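>>> Just the structure for this:
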Amino acid sequence: MINLIYKDRQWSKSMFGLPKMLREAPRDKTVCQFTIKEEGVIEIRDLTEDKRTAKLDSVIPENGLRYYLGIPLMTKNNYAIGTLCVLDFEKKTLTDKQIRQLKIIAKDVMTHIVLHKQNIELERLNDYKVQLMKMLSHDMRSPLNGIIGLSSMLREQMENEQSAHIEVIDIIELFNNRVG
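Numbering: from 1, shown residues only. Coordinates of the predicted model:
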C-alpha cells in the first residue's frame, strides 16, 4: 500500500491484495499512524501481539491482518506525509534485502510525488505566461496600429520624396507585415 496521511484520515493511493474497505480510514484506526511518527522502518511480525495494534478493527477478526512493515514517506524537510507499507494476513518476516528494496521504492514514490507537484506548478506558471502574453499582445496592438496608421498617412504625403523618412516608413510597414 502507498498511503497519504492527514491529521485525522489515511487514504490509500495504491494497494494490492487488500480489501477496498481499507482504502480510506480514520488515522487512529490504522497501523500506519505509528509509522508516520517514526523516522525509520517499523516492522510488526504479529499485529495481535503488539499492544499498539492488537485492538485495531483490521487486526481483531480471526482472519484479520497479522503482519506489517511500514516506511514513512518523507519530504526533503523531513516531514512525513504518508507511508509505503506491506500488510499480510499471515505472520512473516522480510529479509534485509527486501527491506532495502522497499526503502528504494519509498524514495521513488516521493520522487514521483515531488515531480507531480512540480508539473502542476509548471502548468500553472505556463498558464500565467500565456495569459500575460495575450494581455501584452493586446495592449501593444493598439499603439502599434496607431503608428502604422500614421506611417501610411506620412507615406501618402511624402509620395514623391526620396528621404530617410521613407526608409523608416518602409521598416515600420515591413515589421507590420511580419508581425501582423
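>>> Give the phi and psi angles for Arg26, as a check.
Arg isn't right for residue 26; it's Pro. Main-chain dihedrals, Pro26, degrees, to the nearest 10: phi -60, psi 140.
>>> Could you report the neighbour count for it?
Neighbourhood size, Pro26 [other CB atoms under 10 Å]: 11. In short, each C-beta sits where N, CA and C put it, glycine included.
>>> likewise Leu47?
22.
>>> Repeat that for Val41.
Other residues within reach of Val41, judged by other CB under 10 Å, total 18.
>>> Can you tell me, leaving aside adjacent residues, what's nearest to it?
Of all residues not flanking Val41 in the chain, Ile71 sits nearest, at 5.3 Å (CB to CB, 6 or more residues apart in numbering).
>>> And the one you found, how close does it get to Asp170?
70 Å (CB to CB, to the nearest Å).
>>> pretty sure the residue nearest to Val41 belongs to a helix, no?
No: counting by DSSP: H, G, I helix; E, B strand; the rest coil, Ile71 is not part of a helix but strand.
>>> So it sits against Val86, correct?
No: counting by CB atoms under 8 Å, Ile71 does not reach Val86; the two are 9.0 Å apart.
>>> count of residues packed around the closest residue in space to Ser14 that isn't next to it in sequence?
For Ser14, ignoring the flanking residues on the chain, the nearest one in space by CB to CB, 6+ apart is Ile2 at 4.2 Å. Counted with other CB under 10 Å, the neighbours of Ile2 add up to 19.
>>> For the residue nearest to Val41, which residues are in contact?
Counting by CB atoms under 8 Å, 6 or more residues apart in numbering, Ile71 makes contact with Thr35, Gly40, Val41, Thr83, Leu84, Cys85, Leu102, Lys103, Ala106.
>>> Okay, and the beta partners of the residue nearest to Ser14?
Beta-bridge partners for Ile2, by DSSP bridges, are Ser14, Leu84.
>>> same question, Glu43
In this entry, Glu43 is beta-bridged to Leu69, by DSSP bridges.
>>> For it, grab the count of nearby residues.
Glu43: 16 surrounding residues under other CB under 10 Å.
>>> Check the gap between the spatially most central residue of the chain and Gly40 for me.
Per CA atoms, centre = their mean, the C-alpha nearest to the average position across the chain is that of Lys117, at 2.2 Å. Counting by CB to CB, the gap from Lys117 to Gly40 is 25 Å.
>>> start to end distance for stretch 4-16?
16 Å (CA to CA, to the nearest Å).
>>> Residues touching that stretch, excluding its own?
With CB under 8 Å, 6+ apart as the test, stretch 4-16 has contacts from 1-3, 22-28, 30, 32-33, 36, 73, 80-83.
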